[in-house]
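Visitor: 3D, please:
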Amino acid sequence: MNPRSICKRILLGALLAAAAPLALSQSNDANVAPAAASQQAREIARGDPVRWYREDTTRQERMRTRRKEIGAALDEAKNACKRGPVAERASCQKAAQDTWRQEMAALRSEAPVQASTGDAGR
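Guide: Numbering: from 1, shown residues only. All right, here's what the predicted structure looks like:
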């Protein structure tokens, strides 16, 4: 992994940590949905998957992985909110959703812009 991608990952981690402190600070295995936890347990019993040791080599693979991680973080944050005090649930859910929107917007802004074929001759 090159220094630039390490720096990007550190920055993304810092942004995630700062964006929704309540929801993300409570993230742990207890915040994983039961179906996902069951699947994880089956995978762990078989040993580390090969995909953990294979780096995403293309931009498309990296974007897909980041989208998946952002979605998983949202799911965990929502589950953490459900376990929190009732009076704080709505604001916690809103913070989690806002963080997801910001992260997805940042991800989309990094995606290469594709020229529209319909407007090319105008």
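
Visitor: okay, and the helix or strand of the protein with the least pLDDT?
Guide: helix 21-25 (a mean of 44; mean pLDDT, DSSP states H and E).

Visitor: Give the rounded mean pLDDT of the helix or strand that that one is followed by.
Guide: Using DSSP states H and E, the helix or strand that follows helix 21-25 in sequence is helix 34-45. Averaged over helix 34-45, pLDDT sits at 85.

Visitor: Stretch 63-70 too?
Guide: Averaging pLDDT residue by residue across stretch 63-70 gives 93.

Visitor: Same check on stretch 77-90?
Guide: 93.

Visitor: What residues sit buried inside that stretch?
Guide: Applying a neighbour-count criterion of 16 or more other Cβ atoms under 10 Å, one finds Ala77, Lys78, Asn79, Ala80, Cys81 buried in stretch 77-90. C-beta here means a position set from N, CA and C on the backbone, and glycine is covered the same way.

Visitor: CA-only coordinates of that stretch in PDB, if you can.
Guide: C-alpha atoms of stretch 77-90 as PDB (Å, rounded to 0.1, in the frame of the first residue of the first chain):
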ATOM      1  CA  ALA A  77     -24.800   2.900  14.000                       C
ATOM      2  CA  LYS A  78     -28.500   2.300  13.600                       C
ATOM      3  CA  ASN A  79     -28.300  -0.800  15.700                       C
ATOM      4  CA  ALA A  80     -26.400   1.200  18.400                       C
ATOM      5  CA  CYS A  81     -29.100   3.900  18.300                       C
ATOM      6  CA  LYS A  82     -31.800   1.300  18.900                       C
ATOM      7  CA  ARG A  83     -30.000   0.200  22.100                       C
ATOM      8  CA  GLY A  84     -29.600   3.800  23.300                       C
ATOM      9  CA  PRO A  85     -32.000   5.900  25.400                       C
ATOM     10  CA  VAL A  86     -35.400   6.400  23.700                       C
ATOM     11  CA  ALA A  87     -35.200  10.200  24.100                       C
ATOM     12  CA  GLU A  88     -32.000  10.200  22.000                       C
ATOM     13  CA  ARG A  89     -32.900   7.700  19.300                       C
ATOM     14  CA  ALA A  90     -34.300  10.100  16.700                       C
END
